[in-house]
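# I'd like to go over a predicted model; first the sequence, then the structure.
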Amino acid sequence: PSVLLTTAGMQQFKPYYIGKADAMRDFGSKNVCSVQKCFRTSDIDEVGDETHLTFFEMLGNFSFGGYWKKEAIKFAYDFIVNELGIDRGRITATVFGGDNEISEDKESFRIWHEEIGLSKEKIKKHSRADNFWGPTGNEGPCGPTTEIYVDGVEIWNVVFNEYYQNPDKSLRKLEISGVDTGMGLERLAVMLQGVKSVFETDLFEPLISKLREVAPTVFLPAPASADSSSQRRLHLAGRIPPSAGTELRPAPKLPHEIQSALHEKALRILADHLRSSIFLVADGLRPSNKEAGYILRRLLRRIMVYEIKYDIHAELFVLAVDIIKKQYADWYPEVKKSKEILDVLMEEKTKFEKAVAQGVKEINKYEKITAHDAFYIYETFGLPFELLQELVPEKVRDLKKEDLEAERKKHQEISRAGVEKKFGGHGLVLDTGELKAANNEEVEKVIRFHTATHLLQQALRDVLGPEIHQMGSDINPERMRFDFNFNRKLTDEELKKVESIVNEEIQKDLPVSFEEMTFEEAKKSGARAFFKEKYPDRVRVYSIGPDSPVGEEGQPYSKEVCGGPHVSNTLKIGKFKITKQEAVGAGTRRIRAVVE
């Protein structure tokens, strides 16, 4: 819950570094490896160079109190040189150079120099900004890193999680030191295949080749006519009213070498964003105007802007879905759902075409577009700066990207201030990831919500069947949000029945109690557990209603493994009301509710 999307392979392992979960119980080992789908929003504006991507695959090996610095560095070096066959002369390394709070990592430097045999000149000492990783979110495990470079490009980051960063940014030593590594598959492929960029590797070759074939206009100079082909295409598609075209002017021509570089970058951006969007949709994300859904919408609209700008007539979504399916389905079966994925993409395309038509009407009202205007046009109609440059270059001639960036940051500050006001302006006194509150009054409210989620899950099982289980939840003082597995929209009758059952249980004034036991005992007792969570050996089991063995008369209405907190009896919850249901992704529904 502390990130919009998975940005690093270690995120799901956070509980193991802090002792909240037991690696030996769950994996049979303190040491594991993974290949993790990752997405970095911070790299969106960097896409198009030699190395940056939004979606990528992260290779990682992890240790939770098993091996430490010496083994981790030797494992990495051995894998690169002896398994992959990369010449050791191409390798350099960096280590943490220390600062006022934490001393330099002399041990890693010594291992690289004395045991691996790298010369001192090939081992650089860097600051915390470069060689200290984490945490993800406001708090969590973190520590110094050693980075491994091949031909001057970083391919592997080895993190030594020996600290825990508290919400106030202070550090404390972890009881168990852990190793966390990350190596991008795409960057590694560059080193192994002897190419210059990730877009030249065999991971991108099928998609890039198809784009070159179906989008040759990307490499042609922009039309000089006021009625450019991209504008004609907008007219034909109904994106721009015929009367609007009279005020559109083409962007000025650029020198050939600059134009070629921009077009090559455009091709790379298309390839990256198409691949990324398909994986996001396959994992259940849907375009929206908030949170992770907004990231997906931003990617898709950039693709569609480029289709307009470069007069691309091919259906890129159709082509890309087919290519990604063929290339990745053996490893990621979710991309086999090509029809479902394509339906989402095409629906968003239809929405964007309508938004563009409305946006063009809006921009024709302006004699000159300021940064404030441009940001408003983007937020309201989805027309990004680069499309304004294409459609109305004279109106944005004096507008610079840094002006837009300043406007965006100003908007972020306003939004952040609103969040701070919402939570009392002094931070959160309760933030478990699921529950968020800023003062005692809000804590009381979210606790009522929390107990209500337990009743809601059981009521959903009563109405829809015993296969229903929690997929996630988020609670703040204003509302509760509960995600569960189900493959269709609930009928009005089903929603009313669920709401009625919850309120009936509330009115019974049922006691809420907990008992501590081992996780295995909890499972044997019939207590449900949130399947995405990793639990420690000893857990709390909360029961709502008389506590007796499951299956006997008088059994609790709800029995779940949970960390709490909860109300002491259901009557304290108040009246429960469902306000909305919605689809989160394939096979997942969301219910929003309030208590009064």
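That came through fine.
# just the helices in the stretch 401-550 of the chain please.
Assigned by DSSP state H, counting those that start in this stretch, the helices in the stretch 401-550 of the chain fall at 401-422, 440-464, 492-507, 519-524.
# Can you lay out these as TSV showing mean neighbour count?
Quick note: C-beta positions are derived from backbone N, CA and C, even for glycine. Putting those into TSV (neighbours: other CB atoms under 10 Å) gives the following:
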stretch	mean neighbour count
helix 401-422	12
helix 440-464	21
helix 492-507	17
helix 519-524	16
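# Would you mind listing where the stretch 201-350 of the chain has pLDDT under the threshold?
219-262 (pLDDT under 70).
# picking that back up, would you mind saying which of the helices of the stretch 401-550 of the chain lies nearest residue 480?
With respect to residue 480, and counting by CB to CB, the nearest of those is helix 440-464 at 4.1 Å.
# Which among the helices of the stretch 401-550 of the chain is found nearest to residue 77?
Closest to residue 77 of the helices of the stretch 401-550 of the chain, according to CB to CB: helix 519-524, at 38.1 Å.
# The closest one packs against which elements?
In terms of contacts (3 or more CB pairs under 8 Å, 6 or more residues apart in numbering; DSSP states H and E), helix 519-524 is packed against strand 538-544.
# which parts of the strand it packs on are buried?
The neighbour-count check on strand 538-544 (16 or more other CB atoms under 10 Å) flags 539, 540, 541, 542, 543, 544 as buried.
# Let's have those in TSV, adding pLDDT and distance to residue 270.
As requested, the buried residues of strand 538-544 are exported to TSV (pLDDT from 0 to 100; distance: CB to CB, whole Å):
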residue	pLDDT	distance to residue 270
539	86	48
540	88	50
541	91	52
542	92	50
543	93	55
544	94	52
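# Would you reformat those residues as TSV and include distance to residue 318?
As requested, the buried residues of strand 538-544 are exported to TSV (distance: CB to CB, whole Å):
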residue	distance to residue 318
539	48
540	51
541	50
542	49
543	52
544	50
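# In CSV, list the helices of the stretch 401-550 of the chain along with mean pLDDT and distance to residue 296.
Output for these, formatted as CSV (pLDDT from 0 to 100; distance: least, CB to CB, whole Å):
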stretch, mean pLDDT, distance to residue 296
helix 401-422, 65, 18
helix 440-464, 91, 27
helix 492-507, 95, 27
helix 519-524, 88, 36
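# can you put those helices in CSV and add distance to residue 588?
Shown next, in CSV, are the helices of the stretch 401-550 of the chain (distance: least, CB to CB, whole Å):
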stretch, distance to residue 588
helix 401-422, 26
helix 440-464, 13
helix 492-507, 16
helix 519-524, 24
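# how about the ones you listed, which one is nearest residue 578?
Distance to residue 578, taken as CB to CB, is lowest for helix 492-507 among the helices of the stretch 401-550 of the chain, at 4.9 Å.
# Give me the contacts around the closest one.
Helix 492-507 has contacts (CB atoms under 8 Å, 6 or more residues apart in numbering) with 452, 455-456, 458-460, 462-464, 490, 544-545, 557, 570-571, 573-578, 581, 591, 593.
# Please apply the same query to stretch 104-120.
Residues outside stretch 104-120 that contact it (CB under 8 Å, 6+ apart): 69-70, 73-74, 77, 91-93, 95-98, 123, 125, 131, 144, 146, 160.
# Cool, thanks, signing off.
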